[in-house]
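> Output the structure for:
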Amino acid sequence: MKKVLAVCLAIIMVVSAGVFAFAQGGFVSSPSGNSAPIIIEINYDANSCRPKVVVTAYADRETLDDKKEDDMNAAYDEIASNKDLTILMPFLKEVAISKSLNPFHFAVSDLFDISAYHILPHSYCGSITIKLSSETLSRFVALVHRTASGEWELIPNVILNVAEETITFSINDFSPFAIVVDTSVEDVPDTGNNLLIYIPAAIMVISGVSLLGVLISLKKKKQEA
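Next up, the predicted model:
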């Protein structure tokens, strides 16, 4: 009976280890606490209708309209189900080569929506240049965007200022965006939800202690025999 218990505990430890490593796929914990990046500055081009621009964190997605909330949930699910982001975003392979980085260490630290709200209806509102501040930019790799058709694309020509913790970029499409970072020297566990870390970790510790107790008991029993 004890041998059966030992095997079961060993299996639980293996499964728990797998959950710990891959709990949230392509996400990594954000030092911002999953709050939205802050708008520092907005510049409108000559043809822009000067809309009100709002940045909404994934954690606050329920404040968006149904379509935008659905897009945010879809973006989250796609990232969470891809430990290797290059499967979802093949263009990150080229980014990795250009920066001499291993794409396996890429993860999303922040997922957020950028929306433009117009006072009057417009068929085209031009492009805008936004400067955002975020606490995750010291290991910044890329800014990516999920289009209305559900395709992920790279936002080009992003200007990174590590000292100011800002990125500046131009867009004319508004929907979910994500910041991709390099986790190769990251101390935080790769999950967007810290609670999920402790549950499997606790299971591993309890199982390990129980397994050790069973093995010691079996050894003593064998010696006494």
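> got the buried residues for the lengthiest strand in the chain?
Longest strand in the chain, counting residues (DSSP state E): strand 106-117. Buried residues in strand 106-117, defined by neighbour count with 16 or more other Cβ atoms under 10 Å: 106-114, 116. Heads up, the C-betas are built off the backbone N, CA and C, glycines and all.
> how about low-confidence regions in this protein?
Low-confidence regions of the chain, defined by pLDDT under 70, span residues 1-25, 30-34, 47-48, 119-125, 185-225.
> again, 80 this time
Applying pLDDT under 80 to the chain flags the ranges 1-25, 29-34, 46-49, 118-126, 185-225.
> still on that earlier bit, tabulate the CA atom coordinates of the longest strand of the chain in PDB.
Taking C-alpha atoms only, strand 106-117 is exported to PDB below (Å, rounded to 0.1, in the frame of the first residue of the first chain):
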ATOM      1  CA  PHE A 106      10.000  36.000 -24.900                       C
ATOM      2  CA  ALA A 107       6.800  36.600 -23.000                       C
ATOM      3  CA  VAL A 108       4.000  39.100 -22.700                       C
ATOM      4  CA  SER A 109       4.200  41.300 -19.600                       C
ATOM      5  CA  ASP A 110       1.300  43.700 -20.400                       C
ATOM      6  CA  LEU A 111      -1.900  43.200 -22.400                       C
ATOM      7  CA  PHE A 112      -4.100  46.300 -22.900                       C
ATOM      8  CA  ASP A 113      -6.600  48.000 -25.200                       C
ATOM      9  CA  ILE A 114      -6.100  51.300 -26.900                       C
ATOM     10  CA  SER A 115      -9.300  52.900 -28.000                       C
ATOM     11  CA  ALA A 116     -10.000  56.200 -29.800                       C
ATOM     12  CA  TYR A 117     -13.400  57.800 -29.000                       C
END
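> if we can go back for a sec, from the buried residues of strand 106-117, which is closest to D70?
D113 (11.2 Å; Cβ to Cβ).
> which ones are touching the closest one?
55-56, 58, 61, 64, 68, 71-72, 174-177 (Cβ atoms under 8 Å, 6 or more residues apart in numbering).
> Equivalent analysis for I40, please.
I40 touches 131-133, 166, counting by Cβ under 8 Å, 6+ apart.
> hmm, try it at 6 Å
131, 133, 166 (Cβ atoms under 6 Å, 6 or more residues apart in numbering).
> wait, isn't the second one in contact with I38?
Yes. Counting by Cβ atoms under 6 Å, a contact exists between S133 and I38, whose distance comes to 4.6 Å.
> now, which of the contacts of D113 sits nearest E151?
S175 (10.8 Å).
> Report the separation between that closest one and M72.
Distance of S175 to M72, computed by Cβ to Cβ, to the nearest Å: 9 Å.
> With the flanking residues excluded, which residue is spatially nearest to E62?
E69 (6.4 Å; Cβ to Cβ, 6 or more residues apart in numbering).
> Is the one you found part of a helix or strand, or is it coil?
The three-state assignment at E69 reads helix, by DSSP: H, G, I helix; E, B strand; the rest coil.
> Let me see the domain layout of the protein.
2-15+198-224, 24-192 (automatic domain parsing).
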